[in-house]
Structure formats: structure tokens, C-alpha cells
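Trainee: Need coordinates for the below:
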Amino acid sequence: MSEDSPASLIPTDSPAPLTPEDSAASLTPADDPASVGTGKPPLLFLCHRIPYPPNKGDKIRSFHLLHHLSQHFDIYLGSFVDDPEDWPWAPEVEKFCQGMCLRPLDARLATVRSLRGFLSGQALSIPYYDDAELKRWVADVVAAQGIRHAIVYSSAMAQFLPSGGAGFRRKVIDFVDVDSDKWQQYALQKPWPLSWVYRREARCLLALEQALAEQFDAGLFVSSAEADLFHQLSPATAHKIGFYNNGVNCDYFDPEFDRDAPQSSPFPAGSLPLVFTGAMDYWPNVDAVVWFAREVFPALREAHPALSFNIVGGNPARAVRQLATGPGITVTGRVADVRPYLKHALAAVAPIRIARGVQNKVLEAMAMARPVLVSRKGLEGIAARDGEEVLLAESLADYQRLLADVLAGAYAPMGERARSCVLQGFSWEDNLPEVVFLLGEDNAVPRYVQAATQHG
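Mentor: Numbers count the residues shown, from 1 in each chain. Model prediction:
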């Protein structure tokens, strides 16, 4: 089991090829569930997506959670691979696991399978992830290893706990976001019949989240704002709902990352680049860049012709790719390293209009000491001060005023203050012990609940 620091585990080169069949044969201990552990308590870790490489929001959090827990438990990981490009990284995940079962997930087949939820009354995400082989592996490994501790990452994965988790000494669920509220936001943005489907999913997911909060010993979210929202939605379980903040690997996201081997700017000489980073097949990101490109950027570029808008991230949706036909707009697709784009940017923009949780893109840009123009929704869960560490922008007028100030040098010290904010409040080493505490201590309650009780 690797004890490498997370900084050394962020991928920079592609690994050797590995197919789903190779992975299932070599990395799934379903045929040997009684494999010998290291003496640490065994822990079942269920995650909806392989937690590697840590190159997008949910995988960044799940990877650091896996890395930290592996120092305290023998990990038995059950997860899915929904991107063929992730299969070659399976051996990296295995370094942190005593046993592992990865199952292929075809999004098209899973979407068809999810329709069963209309007949069963379930949230569609439950049949979407239904998998008999994973259920069998979990049951076998729990019995063979005598596993009595479980961490579930994402509500849809709770279905794989044998007997609903009965017999486990401690079980903790990381909801990450209040997904039900996110689907409600989706419903407000979509026409019928999608709006009806999304409202239904929001209702069903809320019922599932409430039931799981009752079933588990503790439930965690990505920020105090998410935990507070769920306290309102599920007051009966507020006594065991807490949060742990995401972290940022500030050794990696360091504006001086290339001090020993300087990298050239990825932008043309003389340009004034604005940068948006993220997974560009994720609808809130698509919505954000389309809105910015259509409603904000043309006026900004008219006033400042050297401006460019650079959309940096993998799997750009068709609506995103089409933006590249606009003057000054570049869609990069997947890049090997996002840091040069951030380091050489005039500013990062995060015009998020639909959000739950914490935007890692904002934290990473702050860690790279860049000015960040961000919406209120994009700043949720991040305790950064407007005008000091970030710049709040909601409208074209906001962007016009703030960009003129950035160009005039009015916010020159902001980058260092932003990086300091991240260093102080978003450390994985400081935040993840909360999960170990909740898994390891009988009758433990989240520290957020303890603090609220003391101040109540």
C-alpha cells in the first residue's frame, strides 16, 4: 500500500494500457475474498466513480478520502468506471486497497436501466447504478473479512450495503452535496418534460437522502452551507449531520510550480486571457460558459480587443465546442496540466448559475494566486471575502467594472491573499481526520454538531 504524498500521485503522464477485462481479472478479488489484510481494521469503501485520477471535483475529494483512510484501515473498494480512459489508472487505485472490485458502467445502458425507477418509485440514480456482480462481491468480501466499518461516497452507492448495513459497527455516508436541491435547480432551467423528470428526481432523492441520514451513524457534506441546508430539509437527523471541507494540494497548485523548469505560456503573446476550468460535459459548467460567452464576453472584448476566453477541460459538450467559432474564444478539451493556463491567465472566471457544494475550480485558481471573478453560487461554501480574496460578479456590468479594475492593477495583491485563504482553510490534512473519528469511535457525532450544541 502506497504512502506517497498526494502531490506525487497527481498524474502527469498516461499509464500503460489496461482494458476493463484485464482490470476485472487482475484487480477484483471476488474469487479470493479471504485475502489477508495488514492488521488494520477492514473498511468497505463504496464509491460511484473510480477515485482516480484526481482531475475533477468528485474524484479529487474521493481520492483524498481514499488516500487518508488507507493510512488507518485496510480498504476494500467497490466502484464503477464510467470513462474508458480511466481504466489504465486502476493499478494506481490498487496501491491504496487491500481488495478492489471495479465494474464497467456504460452511460447509455445505465440511462435505459434507470427508467425502471419510474415503475418502482425510486430515484432514477438507484437503478442507474444497479449491478449484481458488485452486490455479490460486496457480500462476499464483507463476510470473508468480517468488515464492520463502511464509508459510502454518494447516496446511490448505499444500495450495495448488505442487509441495509445491519451488522456494521459504524457506517458513515459522504453525501458531498445536497443532490436533491441540485436537481430542483435543474428543473427550473429545463423545459417540459425534462422539468417534470428533474422535479420528480429531486423529490425522490430528498426522500432517499432523509432515509439514509436516518440509517447511517453520521452523514457528511462538503461545506457548512450544505450541512445547514440539509438540517432544514431533514431536521430529524440534524444531530448526526456534519461536513468536512475539501482541500487543495497547494504544493501542486503553486504559482511557482515551474521554478526549476519554466514552462511557456499556452496563450498567444499580447493576449489577455480569461480562463474557465472544469469538466466540460457537466451541465452546470456548460451552462456557465455558454452564458458567459453569449451574454458577457462580447461586450468585454469590444472594450478590450486583446481579451480571450479560454475554456479548459475535458469532454466538451457540443454546446461548448460550438462556442469556439466565436471571436476570441478557445475550447482546449482535455489538457495534460491545467496549471500553466491558470498561472498565465489575467484572471479566472467562474460564472456558475447552478451549483451545490464547493467549486474546486475556484479553490485551485485561488491557490494559483490568480484573481477570480466568481458568482455567489460559485462561492458557496468558500469563506473568501469579496474585494479581498475574490471578486463577486453576477452581471455584465459587474464584469465590466471589475475587469477594468483588474487591468488597472487595482487588485494586484489579491492573488497572494487568495492563496493564503486556501492554505488556511482548505487543507486535506486538517479536514479528513473528522471522517476517521466518525468511523472509529462508537457514538461519535460530527464536530459541527458538537460546536452547534455548545453554542446553542
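
Trainee: Rounded mean pLDDT for stretch 405-422, please.
Mentor: Averaging the model's pLDDT scores along stretch 405-422 yields 96.

Trainee: hmm, I was thinking of stretch 342-361
Mentor: The average pLDDT for stretch 342-361 rounds to 94.

Trainee: Specify the residue ranges that define each domain of this protein.
Mentor: In terms of domains, the chain is parsed into 6-247+428-455, 272-425 (source: automatic domain parsing).

Trainee: who wins for proximity to R259 among those?
Mentor: Nearest to R259 among these is domain 272-425 (11.1 Å), distances taken as CB to CB. (Glycine included, C-beta is placed from N, CA and C.)

Trainee: how long is that closest one from one end to the other?
Mentor: Length of domain 272-425, first residue to last, CA to CA, to the nearest Å: 30 Å.

Trainee: Also stretch 84-94?
Mentor: Using CA to CA, the end-to-end distance of stretch 84-94 comes out at 17 Å.

Trainee: ditto for stretch 186-201
Mentor: The straight-line separation of the ends of stretch 186-201 (CA to CA) is 10 Å.

Trainee: tell me which residues of it are tucked away?
Mentor: The neighbour-count check on stretch 186-201 (16 or more other CB atoms under 10 Å) flags 186-187, 197-201 as buried.

Trainee: Walking through the stretch 51-200 of the chain, point out its helices one by one.
Mentor: For the stretch 51-200 of the chain, applying DSSP state H, counting those that start in this stretch gives helices covering 57-69, 90-94, 107-114, 116-120, 125-128, 132-145, 179-189, 194-215.

Trainee: between the third one and helix 194-215, how big is the angle?
Mentor: The one in question is helix 107-114. Here helix 107-114 points in a direction 80 degrees away from that of helix 194-215 (axes from the mean of the first three to the mean of the last three CA atoms, to 10 degrees).

Trainee: Give me the residues contacting helix 107-114.
Mentor: Under the contact criterion CB atoms under 8 Å, 6 or more residues apart in numbering, helix 107-114 has outside partners 82, 124-125, 127-130.

Trainee: repeat for the fourth one
Mentor: The list of residues contacting helix 116-120 from outside it, by CB under 8 Å, 6+ apart, reads 122-128, 204.

Trainee: so which of the residues you listed is the most crowded?
Mentor: The most crowded member of the contacts of helix 116-120, judged by other CB atoms under 10 Å, is A123 (25 neighbours).

Trainee: Find the residue closest to that one in space, skipping its chain neighbours.
Mentor: Nearest non-adjacent residue to A123, counting by CB to CB, 6 or more residues apart in numbering: C204, 3.8 Å away.

Trainee: Could I get the contacting residues of that neighbour?
Mentor: C204 touches 117, 121-124, counting by CB under 8 Å, 6+ apart.

Trainee: For burial, what's the neighbour tally of the nearest residue to R61 once chain neighbours are set aside?
Mentor: Counting by CB to CB, 6+ apart, N246 is the residue found nearest to R61 once chain neighbours are left out, at 5.6 Å. For N246, the tally of surrounding residues (other CB under 10 Å) stands at 22.

Trainee: can you pull the contacts of N246?
Mentor: Applying CB under 8 Å, 6+ apart, the residues contacting N246 are 60-61, 222, 358, 360, 363, 426, 428, 431.

Trainee: quick one on the thing from earlier: can I get the domains of the chain in a markdown table with distance to F253?
Mentor: Shown next, in a markdown table, are the domains of the chain (distance: least, CB to CB, whole Å):
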| stretch | distance to F253 |
| --- | --- |
| domain 6-247+428-455 | 10 |
| domain 272-425 | 4 |
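
Trainee: Lowest mean pLDDT across these, which one is that?
Mentor: Minimum mean pLDDT among the domains of the chain: domain 6-247+428-455, a mean of 89.

Trainee: I'd say P446 and L220 touch.
Mentor: Yes - the pair P446 / L220 is scored as a contact, 6.9 Å apart, by CB atoms under 8 Å.

Trainee: This completes my enquiry, with thanks.
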